[in-house]
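S.K.: Got a predicted structure here, sequence first:
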Amino acid sequence: MTSPYTLLKTAVFTVVVPGTVVELVPRVLARYDRESPTLDSPAARTVGKLSLIAGGLLYLYTALQFSTEGDGTPAPNDEPATLVTGGVYAYTRNPMYVGVVLLLGGQAVRFKSLHVLWWTLVCWLGFHRRILEYEEPHLLEKHGDAYAEYCERVPRWFPDPRSLEND
């Protein structure tokens, strides 16, 4: 059973870190950007709304999964004690980051801002670098063969469509 304290820590982290990356920074960037007509088409608005919904649900689901399956939080200094491999983590090793990138893409459309679109790309590249340089080596050291086998089975970013067919 997840403790209320773990859920509170997850909520505080979510407001402070992803909240800053996904809400505060895009809001500031959009102030200094002219509205892009490309991001204001009906198709773009639909994709943006779907991106916001999917990204928000994916982030929340994975953050809660860290609490329930791993008894930890998304905060680097309070990571899950056990390797979380169930749910969407069975299809992609980094669904929480994917959720944040989807949220950012939705924000770019919401604000009709090319600056926010560039911020989305910068964040994704930063996430990728962090994963390669810190998270993967750390998890391999912490979880050993279990993590190595998990990496062999599950792609880093995007699910393999063939693995989705087998379910």
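M.R.: Received it, and whenever you're ready, just let me know what you need.
S.K.: what bits of this protein have low per-residue confidence?
M.R.: Residues of the chain that meet the criterion pLDDT under 70 lie in 1, 163-167.
S.K.: Centre of the chain to stretch 37-46, how far?
M.R.: 23 Å (Cα atoms, centre = their mean, to the nearest Å).
S.K.: how long is that stretch from one end to the other?
M.R.: 14 Å (Cα to Cα, to the nearest Å).
S.K.: Please list the residues outside that stretch that contact it.
M.R.: Among residues not part of stretch 37-46, those counted as contacts by Cβ atoms under 8 Å, 6 or more residues apart in numbering are Gly48, Ala108, Val109, Lys112, Ser113, Leu114, Leu117. (C-beta placed from N, C-alpha, C; glycine too.)
S.K.: what comes up buried for stretch 68-87?
M.R.: Neighbour-count burial for stretch 68-87 flags Glu69, Gly70, Asp71, Gly72, Thr73, Pro74, Glu79, Pro80, Leu83, Val84, Thr85 (criterion: 16 or more other Cβ atoms under 10 Å).
S.K.: ok, of those, which one's closest to Leu132?
M.R.: Closest approach between these and Leu132, by Cβ to Cβ: Glu79, at 17.3 Å.
S.K.: for the closest one, what are its contacts?
M.R.: Phe66, Gly70, Gly72, Thr73.
S.K.: Select, from those, the two members most distant in space.
M.R.: Every pair of the contacts of Glu79 checked by Cβ to Cβ; the farthest is Gly70 and Thr73, at 9.0 Å.
S.K.: So which elements touch the strand or helix carrying Glu141?
M.R.: Secondary structure assigned from DSSP states H and E places Glu141 in helix 136-143. Judged by 3 or more Cβ pairs under 8 Å, 6 or more residues apart in numbering; DSSP states H and E, helix 136-143 is in contact with helix 145-153.
S.K.: Just want the angle from the helix it packs on to helix 136-143.
M.R.: Angle of helix 145-153 versus helix 136-143, following axes from the mean of the first three to the mean of the last three Cα atoms, to 10 degrees, is 130 degrees.
S.K.: can you map out the helices along this protein?
M.R.: 4-19, 25-31, 42-70, 95-110, 114-130, 136-143, 145-153, 161-165 (DSSP state H).
S.K.: quick one: Val25 from Ala63, how far?
M.R.: Look at Val25 and Ala63: by Cβ to Cβ, to the nearest Å, they are 19 Å apart.
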